[in-house]
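Trainee: sequence first, predicted coordinates after that:
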Amino acid sequence: MTVASAFAGMRRAVLFRAGCPDCRGRFELAAGALRLAIGATSRTTFYSFTCPDCGASVRKPAGERIVELLTGGGVRTLRLHSTV
C-alpha cells in the first residue's frame, strides 16, 4: 500500500480565520470549534465559538456567503425553527 492510497478519500483539514471582539485576538479555528445556527431571518442566523486566547463566548452574524463557507467546510449546523 502506498502513502497516497492510504490517505485516499481523507479530507484536508479546513481552518477558518476568526477574531475575538473582547481580547482582539486573531486566530484560525478548525471546523469542529465553530457552530452555525441558521434561523428564519438574518437576525437569527449566526456562528459562534469560544476564543482560544481569553475563553470568551463569541457570537457573530452570518450572511449567506458565511453560511455557504461554513457549511461547505464541515461546520456543525443547527437549524432554528419557529414555534408559531
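Mentor: Received, thanks.

Trainee: hang on, residue 30 packs against residue 15?
Mentor: Yes: proximity of residue 30 to residue 15 meets the contact threshold set by Cβ atoms under 8 Å, at 6.1 Å. Bear in mind the C-beta positions are built from the backbone N, C-alpha and C, glycine included.

Trainee: tell me the contacts of the residue nearest the centre of the chain?
Mentor: Nearest residue to the geometric centre of the chain (Cα atoms, centre = their mean): residue 34, 3.6 Å. Listed by Cβ atoms under 8 Å, 6 or more residues apart in numbering, the contact set of residue 34 reads 16, 18, 47-49, 70, 75-76.

Trainee: go with 6 Å
Mentor: 47, 49, 75 (Cβ atoms under 6 Å, 6 or more residues apart in numbering).

Trainee: with those residues in mind, which one is nearest to residue 25?
Mentor: Nearest to residue 25 among the contacts of residue 34 is residue 49, at 11.5 Å by Cβ to Cβ.

Trainee: in the sheet, who's paired with the closest one?
Mentor: residue 58 (DSSP bridges).

Trainee: tally of neighbours for it?
Mentor: For residue 49, the neighbour count with other Cβ atoms under 10 Å is 19.

Trainee: is it in contact with residue 31, as I believe?
Mentor: No: using Cβ atoms under 6 Å, residue 49 makes no contact with residue 31, being 10.5 Å away.

Trainee: re the thing from before, out of the contacts of residue 34, who's nearest residue 62?
Mentor: Scanning those for proximity to residue 62, where the rule is Cβ to Cβ, the winner is residue 47, at 4.9 Å.

Trainee: what is the end-to-end distance of stretch 54-62?
Mentor: Stretch 54-62 has an end-to-end distance of 22 Å (Cα to Cα, to the nearest Å).

Trainee: name the residues of that stretch that come out as buried.
Mentor: Going by neighbour count (16 or more other Cβ atoms under 10 Å), the buried part of stretch 54-62 is 58, 62.

Trainee: how far out from the middle of the chain is it?
Mentor: 11 Å (Cα atoms, centre = their mean, to the nearest Å).
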